[in-house]
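> build me a structure from this.
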Amino acid sequence: MKKRLLTIIGPGILVAATGVGAGDLATGAFTGSKLGVAVLWAVLLGAGLKFLLNEGLARWQLATGTTLLEGSVANFGRPVQMLFLAYLLVWSFLVSGALMSACGVTYHAIAPFLGPETDKIIYGLMHSALAVLLIRLGGYRLFEKVMSVCIAVMFVVVVATAVALQPAWGEVARGIFRPTIPPKGIGWTVALMGGVGGTVTVLCYGYWIREEGRSGAEDLAVCRIDLAVGYAMTALFGLAMVIIGTTIEPGGKGTTLIVNLADRLESVLGPVARWAFLVGAYGAVFSSLLGVWQSVPYLFADFWGMARSGRSDAGRRVDTKSWPYQIYMLALATVPAVLLWIGFEKVQKYYAVIGAMFIPMLAVALLVLNGRSKLVGRDYRNSWFTALLLIGAIVFFLFMLWLKVFPAEAAVDIPADCLQNAVSEGHF
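Residues are numbered from 1 along each chain as shown. All right, here's what the predicted structure looks like:
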């Protein structure tokens, strides 16, 4: 029974474990400390959007036998193929550096050695190497088991910590059900939505369900259950991190963030809470790093195969022993290490905002591809409600971009000078 349950929700757990990590932990805590619980709605909206997009991705793959990347290249042509490659390279560089930095910061809080900045570099490189070793030795099955343990630990610990802090639940409810954006909060709100539940990594779900043997439209119901569990856990974790950041009010930045949170938790809840939080935070960031190291090379290897053959081999599994997969994994684990010498907060922010840019691009692809009966079949094309939600996602992020470009003319309930400051200070 236990094995059967893991088979059903396994890929969804991987989505949650990979997407939850540096984005939710750091961005959630930073946003909570800066904006309070007023933007909790952004966590739920971000998780809901990721579920919508991943469900569409699964629907496309199970109906057509091709991944969304393969379908996009086949239907949109070479320009989209090259644009995606450029975006993937930039995103990979930023996200890998952010994850190594997050692992270094978190492990420094557990085992301080030579100081925060030096430990961030040493521990970041150490965890990058450990992830490569686990993936090369254990393959997909070991990866799945390690990730399941990590997300169980991080979910229970972080959510329990947020509840134990006893925040003002009335304010929490208002932050969830009455959407507002505090002054100077545009950038952090978008970053929060972008960080919740992953961005480019949602594409990797298609490769994970191939590993599980899901290949037909009859498996769509299982995928929906799987994704619902994964994104429910993602949303709860994101809410908990914003609440923790708000309640504890971390005074430090960057490499001292995790230590600050843990120390303040100890002053409020005692030493057990401090160590429990550190273990949960470590599970979050390392599982995210491990997930990216294992999954993102699928995308490059798939892209490389299509570029070489000029076509998509529908339904084929990516060979994780192939040199495109192995080289890209090693590149992820080494080249972005230069970002370890850059401020932790800046790296986390830029990676989250760059990731958020991917959402409208993915929404456009799903709106077009899943909207055509001749491609997915009448039973699996977008419903009018799904199409409306996808359009809403596109409009929302284009509106946020407009606020950045034309802040003085923005017709919102935030003073224009606040919007200008948000842009000039790099908060978007």
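
> tell me what the top helix by length along the chain is packed against?
Ranked by number of residues, the top helix in the chain under DSSP state H is helix 116-164. Counting contacts by 3 or more Cβ pairs under 8 Å, 6 or more residues apart in numbering; DSSP states H and E, helix 116-164 packs against helix 2-19, helix 78-110, helix 220-248, helix 257-269, helix 271-309, helix 323-334. From N, CA and C alone the C-beta is placed, and that goes for glycine too.

> cutoff 7 Å now
Contacts defined by 3 or more Cβ pairs under 7 Å, 6 or more residues apart in numbering; DSSP states H and E place helix 116-164 against helix 2-19, helix 78-110, helix 220-248, helix 271-309, helix 323-334.

> got the angle between that helix and helix 257-269?
If you take axes from the mean of the first three to the mean of the last three Cα atoms, to 10 degrees, helix 116-164 sits at 40 degrees to helix 257-269.

> tell me the average confidence for helix 116-164?
Mean pLDDT, helix 116-164: 82.

> how far does that helix sit from the chain's center?
Distance, stretch centre to chain centre, for helix 116-164: 15 Å (Cα atoms, centre = their mean, to the nearest Å).

> same question for stretch 103-120.
23 Å.

> how about that stretch: buried residues?
C103, G104, V105, T106, Y107, H108, A109, P116, E117, D119, K120 (16 or more other Cβ atoms under 10 Å).

> got it, and stretch 123-130?
Buried, per 16+ other Cβ under 10 Å, within stretch 123-130: Y123, G124, L125, H127, S128, L130.

> you'd agree the second one is up against M100?
Yes: using Cβ atoms under 7 Å, G124 makes contact with M100 at a distance of 3.7 Å.

> now for these two: what residues contact both?
Counting by Cβ atoms under 7 Å, 6 or more residues apart in numbering, the shared contacts of G124 and M100 are L340.

> what residues are up against A393?
Contacts of A393 (Cβ under 7 Å, 6+ apart): L49, I359, P360, A363.

> pull the most distant pair out of these.
Largest separation among these by Cβ to Cβ: L49 and P360, giving 10.0 Å.

> so where's the stretch 1-150 of the chain uncertain?
For the stretch 1-150 of the chain, applying pLDDT under 70 flags the ranges 1-10, 12-13, 16-26.

> same for the one helix or strand G28 maps to, what does it pack against?
Taking DSSP states H and E as the criterion, G28 maps to helix 28-35. If contacts are counted by 3+ Cβ pairs under 7 Å, 6+ apart, helix 28-35 sits against helix 186-195, helix 220-248.

> which of those has the lowest mean pLDDT?
Minimum mean pLDDT among the helices and strands packed on helix 28-35: helix 186-195, a mean of 72.

> immediately after it, which helix or strand?
That would be, after helix 186-195 and using DSSP H and E, helix 205-211.
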